[in-house]
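1. When you get a sec, could you give me coordinates for this:
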Amino acid sequence: MIFIGCDHGGFEIKEKICDYLEENSIKYSDLGTNGTTSVDYPEFAEKVAKSVVSDEDNLGVLVCGTGIGVSIVANKIKGIRAALCHNVHYAQMARKHNNANVLCLGGRELSENEALDVLKAFLNTDFEGGRHQKRIAQISEIEKY
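-> Residues are numbered from 1 along each chain as shown. Okay, the predicted model is just below:
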C-alpha cells in the first residue's frame, strides 16, 4: 500500500500522483490535505509515516512546498527512511542504497511531469541489499536513542 499526504504547497502534485496511481491500479490511500487552504505539514507527514511503518511492504509519498518540512517530520518516526528526491537518480539511489520507504517531493520545485518521473523511479527501483543492508541495520540501531 502507498500512503500519500501533502500540505497546501503540495496539493496539486499530490492530486496528479493520485491520478497516476489510480490509472495504473496501484493501491493507495490519500491522507490529505484536500485543497490549497493553508495547513500545517507536520500533521500530514506524521499520518503518512505512521501508516507506512504499520507494514514493511508499505511505502509513502509526501509533498510540501519544498519537500524539506515533510522529510524532517517523517524521519522522526522510528522505521522511516524518508528521502527528499529532486530527480530520477536521487529516487533510484534512495531505494537501491537506503531502502527509503517514503518519497518526499517539493510541490513548488518540480513540474508535474518531473514529479511523476521521480515517483515512477522510486516505485520501480528495488533495494540492492548486500553491503547496504549493514548500513540500514546501523540506522535502526541509532533509532534506539
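2. Need the residue closest to the centroid of the chain.
-> Centroid-nearest residue in the chain: Leu103, 2.3 Å away (criterion: CA atoms, centre = their mean).
3. Need phi/psi at that residue.
-> Main-chain dihedrals, Leu103, degrees, to the nearest 10: phi -90, psi 130.
4. now it, which residues is it bridged with?
-> Beta bridges link Leu103 to Val61, Ala83 when assigned by DSSP bridges.
5. Next, the contact list for it, please.
-> Leu103 makes contacts with 59-62, 82-83, 85, 91, 94, 118-119, 122, as judged by CB atoms under 8 Å, 6 or more residues apart in numbering. Backbone N, C-alpha and C define where each C-beta goes, glycine included.
6. List just the nearest of those residues to Glu46.
-> Glu46 lies nearest to Leu62 out of the contacts of Leu103, by CB to CB, at 10.1 Å.
7. isn't the closest one right up against Ala74?
-> Yes: in this structure Leu62 lies within contact range of Ala74 using CB atoms under 8 Å: 6.0 Å.
8. Strands of the protein, residue ranges please.
-> Per DSSP state E, the chain carries strands over the ranges 2-6, 28-30, 59-64, 82-84, 102-106.
9. Among the contacts of Leu103, which one is most surrounded by other residues?
-> Leu62 (32 neighbours; other CB atoms under 10 Å).
10. pLDDT score for the residue lying closest to that residue once chain neighbours are set aside?
-> Nearest residue to Leu62, sequence neighbours excluded (CB to CB, 6 or more residues apart in numbering): Val70, at 3.8 Å. Note for Val70: predicted pLDDT of 98.
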